[in-house]
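A.B. asks: no sequence for this one, just the structure:
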């Protein structure tokens, strides 16, 4: 669904009946729905002038849709970013087509649409696929991450005969490389969660063991207290990397068992059915396919300042041969805060440089509570600053000069300021696909690009949540549509996620800020509660920290739950089941009537009763 208003441009020759019909319908709709549709007319006096502009002037050839390249009739209709007096191909965001296509667009525009928990059956644009296509493969997946692997295996299950996965890891600027499985397995979710768990174990030993009578649970070299026991980065790293390598091997075996061809090669589009592939020795060859799926994911955005090349990214930190030592994490994204959290939890001197706010896009109240918890647990914050210069001093140490001209020296600078899709050298320009110039992402409709036989899923797709399970689900859903006859779309609404900061944060649905903006203050109610998890209750060092949960509801729609938020232990385990409930349209009454499991932190959600509007104390009582 495009943003309002839709801007349509139409051109043709003025005496053409088809042009007149399409133009008349569009003009009527623009008059009836001025906030939803704007039409710009570029008609020509004669057929010859129109065709000279369209064909000889190569306007159609520069529209990023193969259908446009063959269009010769009148009218020619497209969607654009702006209502410019002169047609500009750089502003084109979609090709509508000729008269029949335009009337179909108008019928769809006027059709009643009801917002539901899924979009119902969909019809994909025909991509020319036939069983006897004659290409090397039915499907080639470019990218061996979680989404690409899931899509390739599901395609075979749904009847695809020849499927291949291309996976070629380009080393990070710091030289780190890894095996099959993509970001999540190698340099993302898996190593992050394991190192986060190491920090949780250490905190449990330090904060809780004495209160539970386990004073000598861990001793240092000379019988020193558990809180002073040293962490071995090298041991943790080796065990984490061994686990990752075992997963890499399992993925290779799994592809073979599912009759998917694995190609350790780098692909670049030559045309809509041909890839030029390069192996690790630099030898190039070509493969062809009826369909392609782009699932290359993203890579961290580099630090653009003097000496920025001295910094590492999340692509590197999990494979460091030696401990990172005193570390600066640049950025306030969940990746930066998760890394800062486990580093500080393992005992390393850790600072976070924050340009603006923590966890942009998440609930502000919850983000602020996470920041306060982290600061109390040893993470330092430098607010309203960014690095402007990095330089080596004293051997391998890095002196950082910040935008406020303050300085400090670190052993490691880790940058986590965003990610961009890895599409720059994919050859998209050769197949009529224009990626977002800002982040490299590919625009799609139901995972299908403007070139119908080329699809995209996961982090490379514009508007897609950058979460591994989303890419997996989208890949499976798409393969079922491509080869199994399914018409069910991927549902991107109400997706659960968890931020694995020291105080874990699970969430699904709207943040309070988003709900206020969309529904208005008078339409929403917020139920909230602070509580002390039972497992924290014996420890003096935990006594001034609390868990927190809140549920946002629509007062004007049967108290339908709009968003759920939970801060506390094992937040991901707590929140996962509520994702299903949200998709089923759970109301606050449903929560109230749910019997909680006692004693758990999760039951705090189903025992909520205090509203923000009441002004009553949100602190929980006893049982």
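C.D. replies: It's in. Here the structure is a predicted model, which means the values were calculated and not measured.

A.B. asks: how long is stretch 500-512 from one end to the other?
C.D. replies: 20 Å (CA to CA, to the nearest Å).

A.B. asks: ok, now stretch 68-88?
C.D. replies: Start-to-end, stretch 68-88 (CA to CA) is 15 Å.

A.B. asks: list the buried ones in it?
C.D. replies: The neighbour-count check on stretch 68-88 (16 or more other CB atoms under 10 Å) flags 68, 71, 74, 75, 76, 77, 78, 79, 80, 87 as buried. (Glycine included, C-beta is placed from N, CA and C.)

A.B. asks: what about the residue nearest to the last one when sequence neighbours are not counted, how many neighbours?
C.D. replies: On the basis of CB to CB, 6 or more residues apart in numbering, the spatially nearest residue to residue 87 that is not a chain neighbour turns out to be residue 42, at 5.5 Å. Residue 42 is surrounded by 17 other residues when neighbours are defined as other CB atoms under 10 Å.

A.B. asks: I figured residue 42 hits residue 88, correct?
C.D. replies: No. The pair residue 42 / residue 88 is not scored as a contact, 10.9 Å apart, by CB atoms under 8 Å.

A.B. asks: what segments of the stretch 101-250 of the chain are strands?
C.D. replies: Taking DSSP state E, counting those that start in this stretch as the test, the strands found in the stretch 101-250 of the chain are 137-142, 163-166.

A.B. asks: export those strands to CSV and tack on mean neighbour count?
C.D. replies: What follows is the strands of the stretch 101-250 of the chain, written out as CSV (neighbours: other CB atoms under 10 Å):
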stretch, mean neighbour count
strand 137-142, 26
strand 163-166, 24
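
A.B. asks: format the ones you listed as a markdown table; extra columns: mean pLDDT and distance to residue 516.
C.D. replies: Below are the strands of the stretch 101-250 of the chain laid out as a markdown table (pLDDT from 0 to 100; distance: least, CB to CB, whole Å):
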| stretch | mean pLDDT | distance to residue 516 |
| --- | --- | --- |
| strand 137-142 | 98 | 41 |
| strand 163-166 | 98 | 44 |
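
A.B. asks: the stretch 501-623 of the chain: helices as residue ranges?
C.D. replies: Here the stretch 501-623 of the chain has its helices, by DSSP state H, counting those that start in this stretch, at 512-519, 571-583, 588-592, 603-606.

A.B. asks: among these, which is nearest residue 300?
C.D. replies: Nearest to residue 300 among the helices of the stretch 501-623 of the chain is helix 571-583 (23.1 Å), distances taken as CB to CB.

A.B. asks: as CSV, the buried residues of stretch 68-88 with distance to residue 559, pLDDT and secondary structure would be great.
C.D. replies: CSV is the format used below for the buried residues of stretch 68-88 (distance: CB to CB, whole Å; pLDDT from 0 to 100; DSSP: H, G, I helix; E, B strand; the rest coil):
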residue, distance to residue 559, pLDDT, secondary structure
68, 48, 88, helix
71, 51, 93, coil
74, 54, 95, coil
75, 49, 95, coil
76, 50, 95, strand
77, 44, 94, strand
78, 44, 90, strand
79, 39, 88, strand
80, 42, 87, strand
87, 50, 90, coil
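
A.B. asks: closest to residue 582 out of these?
C.D. replies: residue 79 (32.2 Å).

A.B. asks: which SS class is the nearest residue to that closest one once chain neighbours are set aside?
C.D. replies: Leaving out its chain neighbours, the residue that sits closest to residue 79 by CB to CB, 6+ apart is residue 94, at 4.1 Å. Classification of residue 94 by DSSP: H, G, I helix; E, B strand; the rest coil places it in strand.
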